[in-house]
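Trainee: any chance you can model this:
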Amino acid sequence: MTTIDGFHVDLRDVPLDFVPCFNAQCPRCEQCVRYSVGQVQPARPQIGHSVYPQSLGRDGSCPYFYQLRVIREAWGFDGLFDEVKARDIHALRLKIEAYLGSHSSFYRHHHGELTLTPEQQEHIFQLFAKMGYDTSGLAFSHYREIIDYNAD
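Mentor: Presented below is the predicted three-dimensional model:
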């Protein structure tokens with residue numbers, strides 16, 4: 001466990017293909033998740049993919065800048081259907097499965113093998129709203145805050 005911008009981070013959460021940056025001359029390096037990850041690696045690699053100082057433009061801009069953002073990811077559907085009428089559960093669940101891509105993906109999000117971004121959470125809540133359900137009390141089973149490593 002290490003710290004990025006005062007936020008405790010488990011480096012196992014950083015995707016293996018995530019490209020770090022070591023360019024301390026960049027004027028926005030303190031706001032960039034790539035630079036932050038490069039600074040907290042326990043042993044700096046000697047070779048590998050990274051953002052090089054040459055990427056910094058004359059105007060101080062970097063095309064690889066990725067704003068440091070903490071998101072609240074979620075997983076688990078226990079209790080999500082508690083207020084849904086029995087006749088609507090199957091249809092609503094099929095809509096969620098279609099949105100997530102498959103029946104298997106639904107279960108992987110339920111068991112925490114995959115997690116939902118805030119945007120995905122909102123989309124699922126909108127599926128409930130479109131079927132006439134109040135979403136103000138809806139909540140997933142589990143939440144945690146994590147740095148968003150999904151650039152693009």
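Trainee: tell me the pLDDT of the residue of the chain positioned farthest from its centre.
Mentor: Largest separation from the mean C-alpha position in the chain: residue 87, at 32.9 Å (CA atoms, centre = their mean). pLDDT for residue 87: 96.
Trainee: got the buried residues for the helix or strand that contains it?
Mentor: Element membership for residue 87 (DSSP states H and E) is helix 86-100. Across helix 86-100, burial judged by 16 or more other CB atoms under 10 Å covers 92, 93, 96, 97, 100. Using the backbone N, CA and C atoms, a C-beta is placed for each residue, glycine as well.
Trainee: nearest to residue 17 among the residues you listed?
Mentor: Relative to residue 17, the closest of the buried residues of helix 86-100 is residue 100; by CB to CB it sits at 22.5 Å.
Trainee: and the closest one, how far is that from residue 13?
Mentor: 21 Å (CB to CB, to the nearest Å).
Trainee: residue 72 now?
Mentor: 14 Å.
Trainee: related to what we said a few turns ago, OK, contacts around the residue farthest from the centre of the chain?
Mentor: Residues near residue 87 by CB atoms under 8 Å, 6 or more residues apart in numbering: none.
Trainee: just residue 76 next, same as before
Mentor: Residue 76 makes contacts with 109, 110, 111, 112, 140, 141, 142, as judged by CB under 8 Å, 6+ apart.
Trainee: same thing with residue 124?
Mentor: Counted by CB under 8 Å, 6+ apart, residue 124 has contacts 96, 99, 116.
Trainee: ok, residue 38 - how many residues close by?
Mentor: 21 (other CB atoms under 10 Å).
Trainee: check the one 10 residues further on too.
Mentor: Neighbours of residue 48 under the rule other CB under 10 Å: 8.
Trainee: quick one: secondary structure of it?
Mentor: coil (DSSP: H, G, I helix; E, B strand; the rest coil).
Trainee: so how far is residue 92 from it?
Mentor: 45 Å.
Trainee: low-confidence stretches in the protein?
Mentor: 1-3, 5, 9, 42-46, 151-152 (pLDDT under 70).
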